[in-house]
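Novice: Give me a model of this one.
(2 chains)
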2 protein chains.
Amino acid sequence: MSPDRLSTTFAALADPTRRAILARLISGEVSVTDLAEPFEMSLPAVSKHLKVLERAGLIARGREAQWRPCRLEAGPLKAAADWLEHYRRFWEQSFDRLDDYLRELQKKEKKNGRKK
Amino acid sequence: MSPDRLSTTFAALADPTRRAILARLISGEVSVTDLAEPFEMSLPAVSKHLKVLERAGLIARGREAQWRPCRLEAGPLKAAADWLEHYRRFWEQSFDRLDDYLRELQKKEKKNGRKK
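Specialist: Residues are numbered from 1 along each chain as shown, chains lettered A, B, ... in the order given. Below is the predicted model of the structure:
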């Protein structure tokens, strides 16, 4: 996956409606009409979001003329998660530091407890 | 983290130069001048990218007047990874299906091997 592909993925995810659409597809295929319903949006507005998701390869659509269900395509999400994985040690470090701090605090409290 | 915070994070990540800047900060704090060097970009162009990253909370900058080093801030990256985590089973399923297919193929080959 080239860097531009990753940019397209992140750009597509940078919208709460598009993320909500992907979340709805977790439970399976959904028709465009059913997708539009909870968002109180016009069908053209939802279609626009779907086109962005489709171009980013995040969804695929059935070929049935009447009912073109949308389904989730996980490939680009995996690539995004793989990219983020390189930074995991940074957020785990922050938690480690918090852990160390809390342990230090507990030790001090125990010490003070004994003194009393 | 509100949905808008997540949109800001994904929008900031939707650029190869900004992702390259974050990658450079993996090894530690870097000055803006040093950051600009490998990109063959003007300092103002790099500064613009840094502002986007700073607004998204992905980097923080030192307060020293002369040398304002940038460092990585992992919080928003963790939030993005947490969001993507909901979709993990989708890409793992695809690998499982590939696994099943390969196992089926091996079984068939063994059978054919015995027949020969």
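
Novice: For chain A, which segments count as helices?
Specialist: For chain A, applying DSSP state H gives helices covering A:3-13, A:16-24, A:32-36, A:43-55, A:75-85, A:88-115.

Novice: Near residue A:85, how many other residues are there?
Specialist: By the measure other C-beta atoms under 10 Å in any protein chain shown, the count of residues near residue A:85 is 12. Placement of C-beta: from N, CA and C, glycine included.

Novice: gap between it and residue A:91?
Specialist: Residue A:85 sits 11 Å away from residue A:91, taking C-beta to C-beta, to the nearest Å as the criterion.

Novice: Spit out the residues that contact those two alike.
Specialist: residue B:81 (C-beta atoms under 8 Å, 6 or more residues apart in numbering or on different chains).

Novice: As JSON lines, the helices of chain A with distance to chain B and mean pLDDT would be great.
Specialist: As requested, these are exported to JSON lines (distance: least, C-beta to the nearest C-beta, whole Å; pLDDT from 0 to 100):
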{"stretch": "helix A:3-13", "distance to chain B": "4", "mean pLDDT": "92"}
{"stretch": "helix A:16-24", "distance to chain B": "4", "mean pLDDT": "95"}
{"stretch": "helix A:32-36", "distance to chain B": "17", "mean pLDDT": "86"}
{"stretch": "helix A:43-55", "distance to chain B": "12", "mean pLDDT": "93"}
{"stretch": "helix A:75-85", "distance to chain B": "4", "mean pLDDT": "96"}
{"stretch": "helix A:88-115", "distance to chain B": "4", "mean pLDDT": "76"}
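
Novice: With distance to residue B:78 added, can I get these in a markdown table?
Specialist: As requested, the helices of chain A are exported to a markdown table (distance: least, C-beta to C-beta, whole Å):
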| stretch | distance to residue B:78 |
| --- | --- |
| helix A:3-13 | 15 |
| helix A:16-24 | 17 |
| helix A:32-36 | 29 |
| helix A:43-55 | 24 |
| helix A:75-85 | 8 |
| helix A:88-115 | 4 |
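
Novice: who wins for proximity to residue B:20 among those?
Specialist: helix A:3-13 (8.3 Å; C-beta to C-beta).

Novice: can you give me the offset of that closest one from its chain's centre?
Specialist: On the basis of C-alpha atoms, centre = their mean, to the nearest Å, helix A:3-13 sits 13 Å off its chain's mean C-alpha point.

Novice: In contact with the closest residue to residue A:62 other than its chain neighbours, which residues are there?
Specialist: Among residues not flanking residue A:62 along the chain, residue A:69 sits closest, at 4.6 Å (C-beta to C-beta, 6 or more residues apart in numbering or on different chains). Contact analysis of residue A:69 by C-beta under 8 Å, 6+ apart lists A:29-31, A:61-62.

Novice: Which single one of those is nearest to chain B?
Specialist: Of all the contacts of residue A:69, chain B sits closest to residue A:29, with 12.8 Å by C-beta to the nearest C-beta.

Novice: ok, that closest one touching residue A:70?
Specialist: Yes: look at residue A:29 against residue A:70 with C-beta atoms under 8 Å: they come within range, at 6.7 Å.

Novice: shared neighbours of the two, anything?
Specialist: residue A:62.

Novice: got a list of what residue A:43 touches?
Specialist: With C-beta under 8 Å, 6+ apart, residue A:43 has these contacts: A:32-33, A:36.
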